[in-house]
Structures are given as structure tokens and as C-alpha cells.
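> Sequence first, predicted model second:
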Number of protein chains: 2
Amino acid sequence: MKIDPNSSKDLSVQIATAIRDAIISGDLIVDERLPSESDLSEQYEVSRSTVREALKRLAAQNLIRTQRGATGGAFINRLTFEDAYGQQITTSTLLLSMNEVSLTTACEARFALERSCIPLAAIRRNDTHLGKMRQEIQRQTQDGLSDEDFCASDVSFHRALVDSAQNPVLSYQLAGAVEAMQPLMNMITYTARNRVKIIALHAGIADAIEAGDAALAEFSLKDLEAYTIELAHDVLSKQKDKGRPQAQA
Amino acid sequence: MKIDPNSSKDLSVQIATAIRDAIISGDLIVDERLPSESDLSEQYEVSRSTVREALKRLAAQNLIRTQRGATGGAFINRLTFEDAYGQQITTSTLLLSMNEVSLTTACEARFALERSCIPLAAIRRNDTHLGKMRQEIQRQTQDGLSDEDFCASDVSFHRALVDSAQNPVLSYQLAGAVEAMQPLMNMITYTARNRVKIIALHAGIADAIEAGDAALAEFSLKDLEAYTIELAHDVLSKQKDKGRPQAQA
DNA sequence: ATGATTTATTTGTCCGACATATGAAAATTG
DNA sequence: CAATTTTCATATGTCGGACAAATAAATCAT
């Protein structure tokens, strides 16, 4: 891509796009070193500041990493699943918080997605995953557990369920769906009675997965979805009573 | 968050993080204007260049937009579903291209995720979505269609299927899964016989959705997955014969 | 040979300047 | 007075040069 000083787009955007395209197309490969900032500024005939702004844009997307010193420079970064998880979660979280997505819609999407890992989990689950799920269920029974901690354990449980499908691509995609829900879930206050029921539903899912019964696990998950939405509606109607509607159903 | 000149992290990273956190926590709300670059450089006691690099990092993540002129500045951006789609797709694409994910794993994840929209699609589908699906199926029957165009139509078909669930959060999450597969799918060359079978499978899915039969649609999707993986294996074994293994099964 | 020092290279930060876009205010004009 | 034009203030975009700091290789001293 040619750099055009008269384009409507900023020079740093044009340069960042050019380099990004080169990465995506494979012209630049992982761990390859880009020319130094001075060299790039000569090549593109722009100042070093402009090149730097372009590189910062790429760094913000984890596309490159930089290192100082004699053998330093900007290197094409291997995008790890870890990096991708992080980006996916922040993006999903912001998307939900900025777009007034209804709790119902978000819950629906979350449980629909989570269901997709059930058949694989029923086949591939092993003791590590089942142990993690049981452990979180155990934690959820503790007295004096705050709502936040209960929710966090809930997320861990679902994360273990997702990971038990043993497909990294699936885990990555579902991470956003599960984690991004946490802020919304934190709006719900769980009474002791609520928790007992949720824990029973969790146990039902874990049992079904352990038994390798995908259909049963999907039914249990469906029950959990229905109950979660029921609790969410309770929260919303109480908010309405107080005259402080903060979200739609 | 305090800015520490002696931190191991770059100043521009620290500033970008501070602002990002303020956005996520809700301290800065959509369309609010940040202080000017000069003001920020005074507040954080860094140079304007450093502030600019921080802002470019945020802009690269669509968190802010900037405008020149008297009433210009940097504004908190509402992250749209459109923006999020884009980020999701580039991230997923790079993740797959940089991590030697096997075609089998990717296919498995993709179809598992796609399955999650079936029950909702079976209930909510309307003529618009069904029309779009039928239209793409029609396109796929055309003679002289290149493999790329066939794949593109394939993506459109699946996109219509996903959208027919009428849940924007679900559409967003699945967009990455479906679109990111395209480069991998483009490796497959479709013979006339292959296409006939795939089109039949597509039609089976569309029929089931139209009939509101979720279970049947899931079976049809499973068939399509199996056939896709079969074709992928053919490609890979042929590559192996030529001694140019480019991906694992 | 080994350890300390120098040196070259590269990114990080700062400063000052000017270009450019843009809306608002002021001046001009019919 | 109203409409248009001009001026102006303010903001981002770009430039160039300078120095600091990190870092590894080359050099030197012991």
C-alpha cells in the first residue's frame, strides 16, 4: 500500500494498515524484525514521530512487540491464545456495557454458545476438568461467600466446562461470552436459597458430563439458563420498584 | 492509576491503561471529550508526544475517535457491533494463521459454535433470512463459479443462518468463528461433485430451519461438518503426496 | 582467558515549530 | 437588518532535532 500525504486518512493510520496487511498476508512472518524507526521513516518519507504512532497502533493490537538496545527493534508478535482471550474479553465487556444489551439477550447468547461445547466435553472430559468443576461447586457452598466471589466461582466453573471440550479455538471464542457476562451477573444478589438451587444445577451438569450424557447436560444447562433469567428479571423488577431502572429486561 | 516514570512499562502504555480503565469503569462515558493533548501532557507531566502515542493506542482499539479543529479533540467512542465484528475477525484470522491450528480443530470449533444458533433460528427465522439463504444456495449452483466465490457464498450462507437467530450478541461472537475460517476453507478445491453434495446439505439445513425443526437442522449441520472435514483431509493428503505439507490434519 | 569498559544501535521521551482543519466570533456587504 | 465573508482561536497532524536509557557486541585491561 502506498502512503499518500493527501489522503483523508492520517499518515500513521496508512502506515499501520500497510504493515498490518503485510502481516496478515504473510509477507512479514512471526519474529521477523521490522526496519528501525529511522529506516521506516526514510522508506515511507515521513517523520520518525509518525512512524512511532503507527507502531504504537500495531502494538496496541499485540501485532508487534518492541525492544530497546543494539539488537532491539520491532518484531512481529505471535498472537497467542492468551493475548486473544484478553482482547476478546475487553471487547465483549465494552460492547455489552456501551450498547444497553438486555440481560435476556446476553444470557441467551451466553448459554447458547456454552451449549456448543457440551457434546465435545461429554466425550473428552477428564479428571482434571471434572475435578475443577467439582472444586468450584464445593467453593460455592461455603458460608459467608460474597456475591462477587460466588460469581467469580461461577465463571471458573463454566470456564472449566468450556475447557473440558479440549479445543483451544472453542475455548478462545467462548471465553469472551462467559467472562463478559460477569459484570452483568454481578448485578444479581444471590440469596441462600438461590445458591442452593444454582449449585444443584451445576452439579447436575457436572454429573451429566461425567456420565458422558450430552443430551442430559444440555437439558441441565437449559434449566440453568431459565433460572438465571428468572433471577435477572427479579433484579430488574426490584430496580423498577425503586424507580432506578438501570437496564432493560 | 498513577504514572510512574521509573516503572518498567512505557509511559504511553501507562497513560493508555489509565484512560482505558476509566472508560471500562464508567468514569468516562460515551461521547465525552478528553482534555486536549496539551492539557493531558500537563496533567500526567509528560510530553505531548507521549500523550499522543497513548491516544493512538486507544484509537487502534476503537476506544476513542479524534477530530481536528476548534471544537475537536479525542472523544470516547461507542463501540459498535460493527467495530467489534471487525476486531473479532482480524484477531481470529491472525490467531489461526499464526498458531498452526489444525483444520480439524478449527472446523470442529466452527461447527460446534454454529450449532448454538440453530434452536433460536428455528423459532425466529423469517422470510428475509430464509430468502438470503436460498439466494446463496442458488448462487452456489452457478457454473464457472471460482473456488473463492464459492467459499464467499458459503460464508454468506452461514452468516445468514447465524443472523436468523436474531441475537446481536450471538451474531457478533459467531462472526469471528465463521469468517476466520475462510482462509482455511479457501485451501479446499471443490469439484463439481463436491459442490452438488454441499449444496444439498445447505438446502437440507435451510429446509429444516424453515420447517422450524431444530433437531433436524442440527443433524444436517453435523453432516456438513463431517463432509467438510472429509474434504479437508483429501486436500491434506494430496499436499503430503507432493511433499509440501502446509498444515496438519 | 576473564572481567571491565567502550561503542554502536535502537527505542523512549522531550521540546519547539509549523501545517491543517474547524467552529465561533467579528467584520463586511447588500 | 440579514447574509456573507473574513478573521481568529483552538485543536490535532506532522516535522526535525536532541538527549536518555537499554542492550549487545566489540574492545581493552588484567
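Alright, I've got the coordinates.
> Please look at A:V51 and A:A16 and confirm they touch.
No - A:V51 is beyond contact range of A:A16, at 9.7 Å (criterion: CB atoms under 8 Å). All C-beta atoms are positioned from the backbone trio N, CA, C, and that covers glycine.
> Does the closest residue to A:R124 other than its chain neighbours belong to a helix, a strand or coil?
Spatial nearest neighbour of A:R124, excluding adjacent residues (CB to CB, 6 or more residues apart in numbering or on different chains): A:Q166 at 4.7 Å. Under the three-state scheme (DSSP: H, G, I helix; E, B strand; the rest coil), A:Q166 adopts coil.
> all strands of chain A, in order?
Here chain A has its strands, by DSSP state E, at A:64-67, A:73-76.
> Could you list which residues are in contact with the nearest residue to A:V169 once chain neighbours are set aside?
Once flanking residues are discounted, A:V169 sits nearest to B:A109: 3.8 Å by CB to CB, 6+ apart. The contact partners of B:A109, taken as CB atoms under 8 Å, 6 or more residues apart in numbering or on different chains, are A:N167, A:V169, A:L170, A:Q173, B:A177.
> Specify which member of these is nearest to B:K132.
B:A177 (18.7 Å; CB to CB).
> and the closest residue to the closest one other than its chain neighbours, how many neighbours?
Excluding its sequence neighbours, the residue lying closest to B:A177 (CB to CB, 6+ apart) is B:L113, at 4.5 Å. Counted with other CB atoms under 10 Å in any protein chain shown, the neighbours of B:L113 add up to 26.
> mind listing the helices for chain A?
For chain A, the helices defined by DSSP state H occupy A:11-25, A:37-43, A:48-60, A:81-98, A:103-115, A:118-124, A:127-140, A:147-163, A:168-180, A:182-185, A:192-210, A:214-241.
> before we move on, the earlier item: residue contacts, the residue nearest to B:A177?
A:L113, A:S116, A:L170, A:Q173, B:Q173, B:L174, B:A177.
> again, 10 Å this time
Residues near B:L113 by CB atoms under 10 Å, 6 or more residues apart in numbering or on different chains: A:112-113, A:115-117, A:169-170, A:173-174, A:177, B:162, B:170, B:173-174, B:176-178.
> sorry, back to before: look up how far A:S116 lies from the residue nearest to A:V169.
Distance of B:A109 to A:S116, given as CB to CB, to the nearest Å: 9 Å.
> wait, doesn't A:T50 sit right on A:Y44?
Yes - contact criterion CB atoms under 10 Å: A:T50 and A:Y44 qualify, at 7.9 Å.
> list residues touching both of these two?
By CB under 10 Å, 6+ apart, A:T50 and A:Y44 have these common neighbours: A:I3, A:L11, A:Q14, A:I15.
> The residues you listed: which ones sit near DNA strand D?
Restricting the shared contacts of A:T50 and A:Y44 to those near DNA strand D by CB under 7 Å from any atom of the strand leaves A:L11.
> top of the shared contacts of A:T50 and A:Y44 by neighbour count?
When neighbours are taken as other CB under 10 Å, the top entry among these is A:I15 (24 neighbours).
> Tell me how far the residue in chain A that DNA strand D sits nearest to lies from chain B.
Nearest to DNA strand D, among the residues of chain A, is A:G69, at 2.2 Å (CB to the nearest atom of the strand). Relative to chain B, A:G69 is positioned 14 Å away (criterion: CB to the nearest CB, to the nearest Å).
> got a pLDDT number for that residue?
pLDDT, A:G69: 93.
> For burial, what's the neighbour tally of it?
Applying other CB under 10 Å, we find 6 residues neighbouring A:G69.
> got a list of what the nearest residue to A:H129 once chain neighbours are set aside touches?
In this structure, A:H129 finds its nearest non-sequential neighbour in A:S164, 3.5 Å apart by CB to CB, 6+ apart. Counting by CB under 10 Å, 6+ apart, A:S164 makes contact with A:117-118, A:120-126, A:128-130, A:132-133, A:171, A:206, A:209.
> Which ones among those residues also lie next to DNA strand C?
The subset of the contacts of A:S164 within reach of DNA strand C, by CB under 7 Å from any atom of the strand, is empty.
> next one: stretch A:132-145 to chain centre, how far?
23 Å (CA atoms, centre = their mean, to the nearest Å).
> could you give the mean pLDDT of that stretch?
pLDDT averaged over stretch A:132-145 gives 92.
> Equivalent analysis for stretch A:166-176, please.
90.
> For chain A, which element, helix or strand, carries the lowest mean pLDDT?
Least confident helix or strand, chain A: helix A:182-185 with a mean of 79, by mean pLDDT, DSSP states H and E.
> I'd say A:P168 and B:V101 touch.
Yes - counting by CB under 10 Å, B:V101 is a contact partner of A:P168 at 7.3 Å.
> Now list whatever residues contact both of these two.
Counting by CB under 10 Å, 6+ apart, the shared contacts of A:P168 and B:V101 are A:F81, B:L95, B:A109.
> hmm, back to that, where's the residue nearest to B:A177 relative to A:I123, distance?
Distance, B:L113 to A:I123, using CB to CB: 17 Å.
> close to DNA strand D, is stretch A:16-36?
No - with CB under 7 Å from any atom of the strand as the criterion, DNA strand D is not reached by stretch A:16-36; the gap is at least 10.4 Å.
> Get me the contact residues on chain A for DNA strand C.
A:34, A:36-38, A:48-49, A:52, A:55, A:66-70, A:72-74.
> Centroid-nearest residue for chain A?
Centroid-nearest residue in chain A: A:G176, 2.2 Å away (criterion: CA atoms, centre = their mean).
> Within range of DNA strand D, give me the residues from chain A.
A:5, A:10-12, A:45-50, A:53, A:67-72.
> one more time with 10 Å
By CB under 10 Å from any atom of the strand, the part of chain A that sits against DNA strand D consists of A:3, A:5, A:7, A:9-15, A:37-38, A:41-42, A:44-54, A:67-72.
> Can you give me the domain assignment for chain A?
A:11-76, A:81-241 (automatic domain parsing).
> that older thread, report the buried residues of the least confident helix or strand of chain A.
A:L184, A:M185 (16 or more other CB atoms under 10 Å in any protein chain shown).
> what's stretch A:42-49 in contact with?
Residues outside stretch A:42-49 that contact it (CB under 10 Å, 6+ apart) are A:2-3, A:5, A:11-12, A:14-15, A:18-19, A:35-38, A:40-41, A:50-51, A:53-54, B:49, B:52-53.
> at 8 Å what do you get?
Here stretch A:42-49 makes contact (CB under 8 Å, 6+ apart) with A:I3, A:L11, A:I15, A:P35, A:E37, A:S38, A:S41, A:T50, A:V51, B:S49, B:R52.
> can you check stretch A:224-231 too?
A:103-104, A:107-108, A:111, A:185, A:188, A:190, A:194, A:197-198, A:201-202, A:205.
> go on, stretch A:138-146?
Taking CB under 8 Å, 6+ apart as the rule, stretch A:138-146 contacts A:F150, A:S153, A:D154, A:F157, A:R195, A:I198, A:I199, A:H202.
> and the two most separated of the residues you listed?
Maximum distance among those (CB to CB): 12.8 Å, for A:F157 and A:R195.
> what about these two, which has more around it?
Per other CB under 10 Å, whichever of A:F157 and A:R195 has more neighbours is A:F157, with 24 against 16.
> Hmm, the more buried one is touching A:I137, no?
Yes - with contact defined as CB under 8 Å, A:F157 and A:I137 form a contacting pair (6.7 Å).
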